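Enquirer: structure here, sequence nowhere to be found:
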């Protein structure tokens, strides 16, 4: 099949590559001409503006937008909407807020354009490992473009089959699903990322407990000097906490058990925040997912917070407690 | 009545003073001779060692130990136990762990000695405001010493009476209760402090939200530059969040709305920790009380934590996210 | 002064009454004619529709809308905007989302109309106790209407003055403030309610710990049978956790220590949710405020949640743990 | 090698079987004679009491105790201590609290006996998958018995090797480690289980969000009816949240997406609780691990809690809010 791709960063470029490896044709565009030239060298057809990209595709067209969520994606889709013809489809593969998908799909539908939102997990490993995709939008449009998704997905691989599944492998077992109507793809991806935050924080707290067991909060005869790299490694073998995130942790700890290259200031992205907003909207208690997000917020405030100073001020007020200097 | 008092720090000294103001007699001891001399000047009878203190009291004696919880209190009670006679009573007014009270009361009972554990709230304000006391131990011993507790308590004062209460004011309305058997006094005080942590953290988070509303996480047209001192003050008048802790916050914010004298490193004491241990033991979910304790732990780690570095290492592993420098 | 009031429920009716007690004149409207008639009997001038209400007021008019936040308020303000003249002011005293205030104020400004948002705390007690008010909007409009706010506020009363304040009492000490531009009033009220949730949950967890200490999670020799009503009462006297919410708890526990009239299903309102959304937007960690909201969400799911069933399914999967029946 | 095994439940029996498969000899005991007979049929040597078991082993002996943590293990070890000779070793493979290990190892050392604490993960899958083991105790004793641990461990298998590891596979890569001195094995296992709780709760909250997106907290046009079984399956392929716990969830959801066999009442065991106590002792904030434990506590209180009733009582007090019936 043929696919237009806009945005040739790490994700967009690798999506083009993985599709071409599977024999699909791509017409690619990026603001950066070198990115276009590079992919041309790998077999893609370059387009130096959106108009050219649209002209080089045959109707019904499909154009994958792989840009930062927000203004960049919004404006590009608005421009595409002016250039495309009824029956064409826009695919948003970025980390868009699912309510924006719902709005956009409704707007594009008025022009006869289709819209798929693709939540994509796999990050820098996707080129080789394949992309796990959760896709929202009209089912028949999804089915028309399914060969592309199948090529991008990890495929069945050698993962042990889920108990109770038999017969021909289904889409989910290849690594992609049609999640539901517009927005459903990014909604599922958003929850995925919310879970990811929670899993990461669970490990982080556990490793903090391993390390602090050797530290000076405890009397000397209560301390254990534990080897965190060995522990991460052993947990990869037959334990209940085995996971890909643990594999990555083990990688990092072999290289540097002190993790001294890191300051401990941790960024967060839209999905973790939207997950909490969704939980509030749906009245679902999410103490773990919110705690994970708040830990990141807190990690970035390496000075004392105003709230903490309020605590100290109250303690001075009722108990005459003067803040300890050494702390 | 007559009371022996050991430990003439801020709490112990003021307890002696408040009792003497009410006409009771005190025999006082402290490791620091000047503390003894000072109180002698205010009418107390000094004793330069425990033996002297015991001799100067008439049986059945009552000795109030007002020392830091832990070794100091433990050793002093052990020494007193050797010196006192059956029928005498030891009062622990410190912040002892309630299971230590239970053990001690059982040990002392074998010698015919009585033991009361007194959880005391009121801090530096107690001399004038009175002490709120939660008392554990044998009820008849408590009743024998009740005049002392009544003198120390705040009394009925001008607080509006609880709806549904009528007739003669009860002990609780004077500001002291017999909470139950040995340990019950300190257990109730422990929970009091657990609640205190939660209340304080609720205000701290709220004031953080007020202040951050003017900060640079938000686009300029979304910011409000709020006057936190005025807000604390107005909430003291008829709002639902009126409290003594809010009064203290208002005091502090008038003096310095930036709270610039504080670093934001907040200590915690045994009670907040024991409260969480009790919740774990009793299978009671306490997300607010634990969050409040953890916020204090976190406030003292002003460097990036090891756990946070684990998060950054994972993010680098799966997404190639390089930690932002400016954060 | 003269004020139009729309919405004569418990809050709106009492606001009219408190203003009239202070000598102000009110023109009142409600969908329910009996509510109008009732207040006419107390001295108000009734208006059977919005047009009549506007006609009975002299320019520059002020109309206080005291309706449920959301559609009712939105539509009423839209209708008023058609009827009022440049220079008139609309006051929204309900629990409106502060971003709605910002939008509305900008829209009304185009017509030359003014808008004040008034966050009001005090609930059912406001008529006698006065209303604590946090007010957003143009400062000169606020000042023009200040006599009304001063009449509604609790006033200086007999609350001990904040340390460091002296001279003439300021607005905050009367119980109302100009918090900032449009939306600032409801923003501050929103944070107030967020804090309120946190305070309430801190007490709730503490009382759970008091009560569970007598329960069968513990061996018999570890139990204390504590009198929660007495404990609430004694904490009102000189303890650190003294507050109006504690007073209310003490009231309730005198009447029924088992609280058997309650099912334990706890509602929440918009403000608690918006507070969490604001924290997410402003990157402020609010573990206590969010835990308090989530506890309410959880309280309403008295059946096992789907999430809990996921846990049980995993436990069966990895450990062969069959869910205990009796639990 | 030769090993005595006491306790032939699911874990103990399978440990014997896995050792015998590897050519080791076992002498086995259980209170239940049929359990002994069963394993005799599979090649073990039975012993009908502890004395017989000790006699059938050659010095220096090693006896693996695989009983429920607490009294059963404590008493059996005390009896063994009377029967064994200096140089012999006791292995505790149960879920013992690590401070009990520390105490026991010190006591046994006085008799010249050795003690290893083995934290074992792998549950019902261990016979085939192997056991992941974290081992505390004297290093030379560990090394003497290492062939047994190597036989029980999963082995290198076909798991991709951790980046940065090369050369001969180390112990951790076989699935067992010497974690440190007595207690270190169970400490590491305890933290493992703490993390496990956190991971499970992260998934639970995420699946709750997936499911509630189709529920009636939302207006109909905001709902997605998501297929949770397909989502669990697709996340197994190349996503960031891939894990063994997710595999188990996918298994369960294929069989019954409603999970209708479960009530949602979730048990917890000692390790999750001790993890929180350790965090409190070591002053490490663990909001995720504690939230996960508290969610289980809450899941077992399917009636309204006393704390929730306190909230309702306060709401009635300040706002006249009558609890909604339908909730």
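Expert: All right, it came through fine. Note that the structure is predicted; figures quoted are calculated from it, not measured.
Enquirer: only C-alpha atoms from now on, for both contacts and neighbour counts.
Expert: Noted.
Enquirer: how many residues are close by residue A:6?
Expert: Other residues within reach of residue A:6, judged by other Cα atoms under 10 Å in any protein chain shown, total 27.
Enquirer: quick one: contacts for the residue lying closest to residue A:218 once chain neighbours are set aside?
Expert: Of all residues not flanking residue A:218 in the chain, residue D:282 sits nearest, at 6.5 Å (Cα to Cα, 6 or more residues apart in numbering or on different chains). Going by Cα atoms under 8 Å, 6 or more residues apart in numbering or on different chains, residue D:282 touches A:209, A:212-213, A:217-218.
Enquirer: now swap in residue A:118 and tell me
Expert: Here residue A:118 is in contact with A:91-94, A:133-136, A:185-186 (Cα under 8 Å, 6+ apart).
Enquirer: after the helix or strand hosting it, next one along is what?
Expert: Using DSSP states H and E, the element containing residue A:118 is strand A:114-121. Toward the C-terminus, strand A:114-121 is succeeded by helix A:126-129 as the next helix or strand (DSSP H and E).
Enquirer: other SSEs contacting the next helix or strand after that following helix?
Expert: Counting by DSSP H and E, the next helix or strand C-terminal to helix A:126-129 is strand A:132-136. On a contact count with 3 or more Cα pairs under 8 Å, 6 or more residues apart in numbering or on different chains; DSSP states H and E, strand A:132-136 meets strand A:114-121, strand A:176-180, helix A:184-212, helix D:228-235.
Enquirer: rerun that using 6 Å as the cut-off
Expert: Other helices and strands packing on strand A:132-136, by 3 or more Cα pairs under 6 Å, 6 or more residues apart in numbering or on different chains; DSSP states H and E, are strand A:114-121, strand A:176-180, helix A:184-212.
Enquirer: show me where chain A has strands.
Expert: Assigned by DSSP state E, chain A shows strands spanning A:2-6, A:25-29, A:45-46, A:62-65, A:89-92, A:114-121, A:132-136, A:176-180.
Enquirer: name every strand pairing with the fifth one and say which way it goes.
Expert: Each strand paired with strand A:89-92, and its direction, by DSSP bridges: strand A:62-65 (parallel), strand A:114-121 (parallel).
Enquirer: what do you get for the first one?
Expert: On the basis of DSSP bridges, the sheet neighbours of strand A:2-6 come out as strand A:25-29 (parallel), strand A:62-65 (parallel).
Enquirer: for the first one, the averaged confidence score.
Expert: Just to be clear, that refers to strand A:25-29. Averaged over strand A:25-29, pLDDT sits at 98.
Enquirer: please compute how far that strand lies from its chain's middle.
Expert: Remark: strand A:25-29 is offset 23 Å from the chain centroid, using Cα atoms, centre = their mean, to the nearest Å.
Enquirer: same thing with stretch A:253-262?
Expert: Mean-position distance between stretch A:253-262 and its chain equals 24 Å (Cα atoms, centre = their mean).
Enquirer: any idea of the mean pLDDT in that stretch?
Expert: Averaged across stretch A:253-262, the pLDDT comes to 94.
Enquirer: and if you look at stretch A:139-157?
Expert: For stretch A:139-157, mean pLDDT is 97.
Enquirer: go on, stretch A:308-316?
Expert: Mean per-residue pLDDT for stretch A:308-316: 94.
Enquirer: again, but for stretch A:88-102
Expert: 97.
Enquirer: in it, which residues are buried?
Expert: Buried residues in stretch A:88-102, counted by 16 or more other Cα atoms under 10 Å in any protein chain shown: A:88-98, A:101-102.
Enquirer: now, among those, which is nearest to chain D?
Expert: residue A:102 (9.2 Å; Cα to the nearest Cα).
Enquirer: pretty sure that closest one contacts residue A:180?
Expert: No: look at residue A:102 against residue A:180 with Cα atoms under 6 Å: they stay out of range, at 11.5 Å.
Enquirer: quick one on the thing from earlier: of the contacts of residue D:282, which is the nearest to chain D?
Expert: Closest to chain D, out of all of these and judged by Cα to the nearest Cα, is residue A:217, at 5.6 Å.
Enquirer: how about the closest one, what does it touch?
Expert: By Cα atoms under 6 Å, 6 or more residues apart in numbering or on different chains, residue A:217 lies in contact with residue D:282.
Enquirer: per-residue pLDDT, the residue nearest to residue A:218?
Expert: So residue D:282 comes in at 97 (pLDDT).
Enquirer: near chain D, which residues of the stretch 51-200 of chain A?
Expert: Contact residues, the stretch 51-200 of chain A versus chain D (Cα under 6 Å from any Cα of the partner chain): A:121-122, A:132, A:162-163, A:172, A:175-176, A:191, A:195-196, A:198-199.
Enquirer: ok, now with 8 Å
Expert: A:121-122, A:126, A:129-134, A:154-156, A:162-165, A:172-177, A:179-181, A:184, A:188, A:191-192, A:194-196, A:198-199 (Cα under 8 Å from any Cα of the partner chain).
Enquirer: neighbours around residue A:145, how many?
Expert: Neighbour tally, residue A:145, other Cα under 10 Å: 17.
Enquirer: what do you get for residue A:210?
Expert: 22.
Enquirer: one more: residue A:71?
Expert: Residues lying near residue A:71 (other Cα under 10 Å) number 10.
Enquirer: cool, residue A:82 as well?
Expert: Number of residues near residue A:82 (other Cα under 10 Å) recorded here: 10.
Enquirer: that one and residue B:114: what is the separation?
Expert: To residue B:114, residue A:82 is 89 Å away according to Cα to Cα, to the nearest Å.
Enquirer: on that earlier part again, what subset of the contacts of residue D:282 is buried?
Expert: A:209, A:212-213.
Enquirer: out of the residues you listed, which is nearest to chain C?
Expert: After measuring the buried ones among the contacts of residue D:282 against chain C - Cα to the nearest Cα - the closest member comes out as residue A:209, at 20.2 Å.
Enquirer: that closest one contacts residue D:284, doesn't it?
Expert: Yes: here residue A:209 reaches residue D:284: they are 6.9 Å apart, a contact under Cα atoms under 8 Å.
Enquirer: near chain B, which residues of the stretch 51-200 of chain A?
Expert: Contacts of the stretch 51-200 of chain A with chain B, taken as Cα under 8 Å from any Cα, map to A:122-125, A:200.
Enquirer: which ones are touching the nearest residue to residue A:44 once chain neighbours are set aside?
Expert: Distances taken as Cα to Cα, 6+ apart put residue A:26 closest to residue A:44, at 5.3 Å, once the chain neighbours are dropped. Residues in contact with residue A:26 (Cα under 8 Å, 6+ apart) are A:2-5, A:16, A:19-20, A:44-45.
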